[in-house]
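A.B. asks: Pasting the sequence and the predicted model now:
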Amino acid sequence: MAWVQAAVSRASEDVFDEDADELYLLHKEWNSTMKKRLKEGYRDGIEAGKELALQEGFNQGYRQGAELMVTCGQFRGTLNALLSWCHFNGHDSALSEINHLLDAVGKHEEDVLKYLSSTEQQPHFGHILDSLQDMDLNHAAPAGTEYNEAEDGKHADGGSSGENTCRSNGEVHSLQSECNKAKLCTDPERSTLAWVKKRTIWLIEQLGLSLDILHHVQHLER
Amino acid sequence: MAAVMVGHDMFEEIVMAEERFHGEGYQEGYAEGSHVGVVEGRRYGSLHGAKIGSEIGYYLGFALTWQCLLQKCADERNSKKIRALNSLIRMIQKFPYEDPTYDKLQEDLGKIRGKFKQESLGVKDRTTREVRMGRRKIKIPAHKVAAAQSMKKPYQTP
C-alpha cells in the first residue's frame, strides 16, 4: 500500500507542521506590503513624471500651435486690409468675395483649433504639422476634419497638378468637387489656405493692385 | 551576538525590498506620467500658441498689405502712415512670438497690440476690424486656459 504511505507522510507534513500556516500568512502579508509599495511608487512616479513633462509638452505644443496658426492670421490680416481698402476706394463689387474668403479662413482656423484640442489626434500632431509645413497648399477647399497622414509622399509629389486644378476661376463648389475627385485631395486640412491664396492672388490682379502685395501673399505659402 | 546580527540583516533586507518595490513602481509611473504630461501639456500649449500665432499673423498681414497699398500713392500724409506701419512691422518681425520661453512675451505682445490699435485706426480699419475681429474671436474653454496658465508660468524662464 504505497499510496497510503505517501498520503500519510504528506498529510503529516501539512497537518502536523504548525508553522506552515504562519509562514503562509507572513508570506501573504509580505506580498501585500510590497504590492502597496509598488503602487505608492507608481503614484509618486506618475506625479513626478507628469509635472516635468507638462511644461516640456506645453513648450513644444505652443511652438507648433503658433507656427501653424500664424499663416492663417496673415491671410486674415491681408484680406482685412484689402477689405478696408476696397471699402474706401469704392470697389464694392470685391467686398463679398473678400468676405467669403475671410469666412473660409475663419472656418479653417476653427477646424485647426478643434483639431488641436482633440485628444485622439495628439499622437500624430508632430507628423501632421510636418506635412503642413512642407505643404504645397494645393488641394481642395474645406470639407471635414479628417486628417490623412498616410500619403505624404504622394501629396508632395502631386502638388503641382493639384495647383493647376485649383487655378480655374470657377465657383467654389465646383472647384471643391473637382479637386475632391483627384486622389490628391484626401487631406482637406492642407487645401483651404491654398485655395484662399489662389483666390486672393486672383483678386489682387482683378483690383489692379501692386505686385508687391502679390509678393507678400506668395510668401504666405511657406 | 549572532542573533542580533541576523535580526539586523533581516531588517535591512526588508527595508531594502520595500525601497526596491517602491523604486520599481516609481520608474513605471514616471514613464507613464511623462507620456501623459507631454500629451496634455502639448494640447494646452498648442491652443495657447495658436491663439497668439493667429493674432500676430493678423497684425503682420494687415500691416504688410497696407504698407504696399499706401506706397502706391505716397503723399505726405501717407508717408507718415507708412513710417508708422514700418515701425509696427519691425516690432512684429523682431518679436519671437513662437518662443514660449521668451520672458517678455506678454509684455511685447501688449506693446504690439497697442501699436496696432493705433495704426490700424490710422489706416481707417475701424469699421471692418471690429466687424471681422468681433466675429472671429477664437474660443478656448476657460478651464483650459486656466490650466495652461497655472502651469509653472510658461512664459517665465529663469
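C.D. replies: Cool, got the structure.

A.B. asks: Settle this for me: A:His91 is touching A:Gly208, isn't it.
C.D. replies: No: contact criterion C-beta atoms under 8 Å: A:His91 and A:Gly208 do not qualify, at 9.7 Å. Bear in mind the C-beta positions are built from the backbone N, C-alpha and C, glycine included.

A.B. asks: Those two - which one has more neighbours?
C.D. replies: Legend: neighbour count by other C-beta atoms under 10 Å in any protein chain shown for A:His91 and A:Gly208, higher for A:His91 (18 against 7).

A.B. asks: Ramachandran coordinates for the more buried one?
C.D. replies: Dihedral angles of A:His91 (phi, psi; degrees, to the nearest 10) stand at phi -90, psi 60.

A.B. asks: ok, it - contacts?
C.D. replies: A:Trp85, A:Leu207 (C-beta atoms under 8 Å, 6 or more residues apart in numbering or on different chains).

A.B. asks: Check A:Phe75 too.
C.D. replies: So A:Phe75 contacts A:Leu101, A:Val105, A:Leu193, A:Val196, A:Lys197, A:Thr200, A:Leu220, B:Gly57, B:Gly61 (C-beta under 8 Å, 6+ apart).

A.B. asks: Tell me where chain B has helices.
C.D. replies: B:2-71, B:76-94, B:105-122, B:126-135, B:142-149 (DSSP state H).

A.B. asks: pLDDT (mean, whole number) over the last one?
C.D. replies: Think helix B:142-149. Mean per-residue pLDDT for helix B:142-149: 46.

A.B. asks: What count of nearby residues applies to the residue nearest to B:Leu69 when sequence neighbours are not counted?
C.D. replies: Closest residue in space to B:Leu69, ignoring its immediate chain neighbours: A:Trp85 at 5.2 Å, by C-beta to C-beta, 6 or more residues apart in numbering or on different chains. Other residues lying near A:Trp85 total 24 when counted by other C-beta under 10 Å.

A.B. asks: Also compute the angle for the longest helix anywhere in chain A relative to helix B:2-71, please.
C.D. replies: Counting residues, the longest helix found in chain A (DSSP H) is helix A:19-88. Interaxial angle, helix A:19-88 versus helix B:2-71 (axes from the mean of the first three to the mean of the last three C-alpha atoms, to 10 degrees): 10 degrees.

A.B. asks: one step back: state the pLDDT value of the residue nearest to B:Leu69.
C.D. replies: 89.

A.B. asks: Tell me who's in contact with it.
C.D. replies: A:Trp85 makes contact with A:His91, B:Thr65, B:Trp66, B:Leu69 under the criterion C-beta under 8 Å, 6+ apart.

A.B. asks: Where does pLDDT dip in chain A?
C.D. replies: Counting by pLDDT under 70, chain A has low-confidence residues at A:1-18, A:119-190, A:211, A:214, A:216-222.

A.B. asks: what about 80?
C.D. replies: Residues of chain A meeting the criterion pLDDT under 80: A:1-20, A:119-191, A:210-222.

A.B. asks: Can you add distance to B:Ala50 and give the contacts of A:Phe75 back as TSV?
C.D. replies: Listed next are the contacts of A:Phe75 as TSV, based on distance: C-beta to C-beta, whole Å:
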residue	distance to B:Ala50
A:Leu101	20
A:Val105	14
A:Leu193	14
A:Val196	18
A:Lys197	20
A:Thr200	22
A:Leu220	17
B:Gly57	10
B:Gly61	16
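
A.B. asks: Buried ones among those residues?
C.D. replies: Of the members of the contacts of A:Phe75, the ones counted as buried by neighbours, 16 or more other C-beta atoms under 10 Å in any protein chain shown, are A:Leu101, A:Val105, A:Leu193, A:Val196, A:Lys197, A:Thr200, A:Leu220, B:Gly57, B:Gly61.

A.B. asks: The one helix or strand A:Ser96 maps to packs against which elements?
C.D. replies: Assigned by DSSP states H and E, A:Ser96 belongs to helix A:92-117. Contact here means 3 or more C-beta pairs under 8 Å, 6 or more residues apart in numbering or on different chains; DSSP states H and E; on that basis helix A:92-117 packs against helix A:19-88, helix A:192-206, helix B:2-71.

A.B. asks: lowest average confidence, helix or strand, in chain B?
C.D. replies: helix B:126-135 (a mean of 41; mean pLDDT, DSSP states H and E).

A.B. asks: Tell me which residues of the helix holding A:Ser96 come out buried.
C.D. replies: A:94, A:97-98, A:101-102, A:104-106, A:108-109, A:111-113, A:115-117.

A.B. asks: And stretch B:33-53, by the same measure?
C.D. replies: Buried residues in stretch B:33-53 (16+ other C-beta under 10 Å): B:33-34, B:36-53.

A.B. asks: Quickly note the distance from A:Leu209 to B:Pro100.
C.D. replies: For A:Leu209, the distance to B:Pro100 (C-beta to C-beta, to the nearest Å) stands at 37 Å.

A.B. asks: Could you do A:Trp85 as well?
C.D. replies: Applying C-beta to C-beta to A:Trp85 and B:Pro100 gives a distance of 35 Å.
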